[in-house]
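[1] Next come a sequence and a model predicted from it.
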Amino acid sequence: MYERILVTTDGSELSRKAVIEAIALCRKLGAELYLLHVVPRYPMSYFEGGSALEAGEVSRIEKQWADHGRTIVDQAAKQAEESGLVARAVVMQSDAVADSIIAAARKHRCSLIVMASHGRRGLQRVLLGSETQHVLTQSEIPVLVLR
């Protein structure tokens, strides 16, 4: 049924739970696991009072974020491999997180996307946005949402 499963992780407690569930699902199905962390680009603000950094400093910060993301997915991949799975760690850099999740699932020919959701409702969801909601509405690949 599901031969390749992509799970997103940002290192939070909730996403670590999603990784554990995805590992269990992959073990039951004999599926490969892809672990994805999307690193945002450094925000460039041109508004009054905004602090502009030199390009070298922005690059250093973005590399630090990417290295941190790599650590997150590598640790999760190690956890999956200790469970006997084939696991691949993927880090992407983009401000369009949901679009990156869908693109990664397509690129790696995943048949299921597993994500965690904070379950925000109402105004909080409108103000904070919902990457999970975007993936749910835009993906042609089935999505399993865990809370």
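    In hand now; what should we look at?
[2] If we go by neighbour counts, what in the lengthiest helix in the chain is buried?
    The residue-count maximum for a helix in the chain (DSSP state H) belongs to helix 55-82. Judged by neighbour count (16 or more other C-beta atoms under 10 Å), helix 55-82 contains these buried residues: W65, G69, I72, V73, Q75, A76, A77, Q79, A80. C-beta: built from backbone N, CA, C; applies to glycine.
[3] what's the burial count for the closest residue to the last one other than its chain neighbours?
    Right, the one you point to is A80. The shortest distance from A80 to any residue other than its chain neighbours is 3.7 Å, reached at A87 (C-beta to C-beta, 6 or more residues apart in numbering). Applying other C-beta atoms under 10 Å, we find 24 residues neighbouring A87.
[4] try the one 10 residues further on
    Neighbour count of V97, defined by other C-beta under 10 Å: 20.
[5] And the one 4 residues further on, by the same measure?
    Neighbour count of I101, defined by other C-beta under 10 Å: 28.
[6] do the same with Y42
    So Y42, with other C-beta under 10 Å, has 15 neighbours.
[7] could we number from 169 for the rest of this?
    Let's use 169 as the start, then, which means that last one is Y210.
[8] shouldn't it be in contact with E230?
    Yes: the criterion here is C-beta atoms under 8 Å, and Y210 meets it with E230 at 5.4 Å.
[9] Would you mind stating the distance between G198 and C278?
    Per C-beta to C-beta, to the nearest Å, G198 is found 15 Å from C278.
[10] Please identify which of the two sits among more neighbours.
    Taking other C-beta under 10 Å, G198 and C278 do not tie; C278 has more neighbours (25 against 12).
[11] hang on, the more buried one in a strand?
    No: counting by DSSP: H, G, I helix; E, B strand; the rest coil, C278 is not part of a strand but coil.
[12] Would you check how far apart it and D263 are?
    The separation that C278 has from D263, given C-beta to C-beta, amounts to 22 Å.
[13] Which residues are in contact with each of Y210 and E230?
    The overlap between the contact sets of Y210 and E230 (C-beta atoms under 8 Å, 6 or more residues apart in numbering) is empty.
[14] hang on, the earlier thing: I'd like the buried residues of helix 223-250 laid out as JSON lines, including pLDDT and distance to S183.
    Below are the buried residues of helix 223-250 laid out as JSON lines (pLDDT from 0 to 100; distance: C-beta to C-beta, whole Å):
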{"residue": "W233", "pLDDT": "91", "distance to S183": "16"}
{"residue": "G237", "pLDDT": "95", "distance to S183": "12"}
{"residue": "I240", "pLDDT": "96", "distance to S183": "9"}
{"residue": "V241", "pLDDT": "97", "distance to S183": "11"}
{"residue": "Q243", "pLDDT": "96", "distance to S183": "12"}
{"residue": "A244", "pLDDT": "96", "distance to S183": "9"}
{"residue": "A245", "pLDDT": "97", "distance to S183": "14"}
{"residue": "Q247", "pLDDT": "96", "distance to S183": "13"}
{"residue": "A248", "pLDDT": "97", "distance to S183": "14"}
